[in-house]
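**Student:** Just the structure for this:
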Amino acid sequence: MGESGDNRFGIDDVRLVKAELMTGQTGVRVTGTSIPEMSDEQIAELKGLVSEYCVAVLPGQPVTPEQHIEFVSRLDPIMFTPGEVPHSQWPDINEVNLASTSTLPPTNGFHTDTSFVERPPSYTCLLPRKISSHGGDTVFANQYMAYEALSPVMQNMLKGLRFKHNAAQLKRLDEAPMEPVSHPAVRTHPITGRKALYITQPQRCSEVEGMKPKESANLLEFLYAHCQHVYAMYRHRWQPDDVVVWDNRCTLHTGVFDHGEEERVMHRVMCQGEVPYET
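**Tutor:** Next comes the predicted model:
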């Protein structure tokens, strides 16, 4: 399986791992192998599955932080979000430690990771170090389906449009890019060749290039609501030793902050993708 567009890899193409769909088109469960022992060919199959079905769940994987980092580095080169705080012991890891309160965390809402840089992450890998006894799920939204559900008229209107992405609400804003970054409204996936809507939460995607402010606001409001259709989602309920990988080029995600005051500690590692493009 190559790394070029129009090279879709479906569930029936799997040969080296076991895979089953979690919903009709979004989410796949991958078993039959231990992450530290995965061959290059199995990694290639996993990437194909994640890129086609947006998110993969690998259950029963008690990996160490070092193994977590090594695994992600085999997908693409490691990157870290500028402006976030690295783990004190493993600087490639971003530790997400949240307890739900009456004030929801500022990152609440569907988003793609770190879209405010020239080369946003391709894949994100998240695993739990401490899960709550209830709640705290993560929901994923398929942006291939969001784009494909638009009318041909709307798809044609979006062709060539670009959105400005900014680094709002980071812990260390002084370390983040100061100027917004422009990305296409619709991006072509380099592996599958499919087109996906490329938008994120309103705080970080607030302008359509070339449009008047009201035009821009109305279009972004419509698209952000449109990208959250429940038929295109997979909701993951965390279990100990789960490893979840998703493709930021075709997927939005959000945490569900309904776990009360219990701690929810997650380790996140990302890898760098290409400059987004549309064909």
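**Student:** Please make it C-alpha for all contacts and neighbour counts, starting now.
**Tutor:** Noted.
**Student:** Can you show me the helices along the stretch 101-250 of the chain?
**Tutor:** With helices called from DSSP state H, counting those that start in this stretch, the stretch 101-250 of the chain shows them at 143-148, 152-158, 213-226.
**Student:** Of these, which stretch is the most buried?
**Tutor:** Mean neighbour count, computed with mean count of other CA atoms under 10 Å, is highest for helix 143-148 among the helices of the stretch 101-250 of the chain, reaching a mean of 23.
**Student:** can you give me the offset of it from its chain's centre?
**Tutor:** 14 Å (CA atoms, centre = their mean, to the nearest Å).
**Student:** Could you list the low-confidence segments of the stretch 1-150 of the chain?
**Tutor:** Low-confidence segments of the stretch 1-150 of the chain, defined by pLDDT under 70, are located at 1-6, 98-108.
**Student:** If we use 50, what do you get?
**Tutor:** Within the stretch 1-150 of the chain, the ranges that satisfy pLDDT under 50 run 2, 100-104, 106.
**Student:** For Gln201, see how far away the closest residue in space to Met178 that isn't next to it in sequence is.
**Tutor:** In space, Met178 comes closest to Ala167 once its chain neighbours are excluded; the distance is 7.5 Å by CA to CA, 6 or more residues apart in numbering. Ala167 sits 11 Å away from Gln201, taking CA to CA, to the nearest Å as the criterion.
**Student:** And Phe80, by the same measure?
**Tutor:** Between Phe80 and Gln201 the distance is 20 Å, computed by CA to CA.
**Student:** The residue nearest to Met178: how many residues sit nearby?
**Tutor:** Counted with other CA atoms under 10 Å, the burial measure for Ala167 works out to 23 neighbours.
**Student:** List the residues that contact Phe80.
**Tutor:** By CA atoms under 8 Å, 6 or more residues apart in numbering, the contact list for Phe80 reads Asp92, Ile93, Asn94, Val269, Met270, Cys271.
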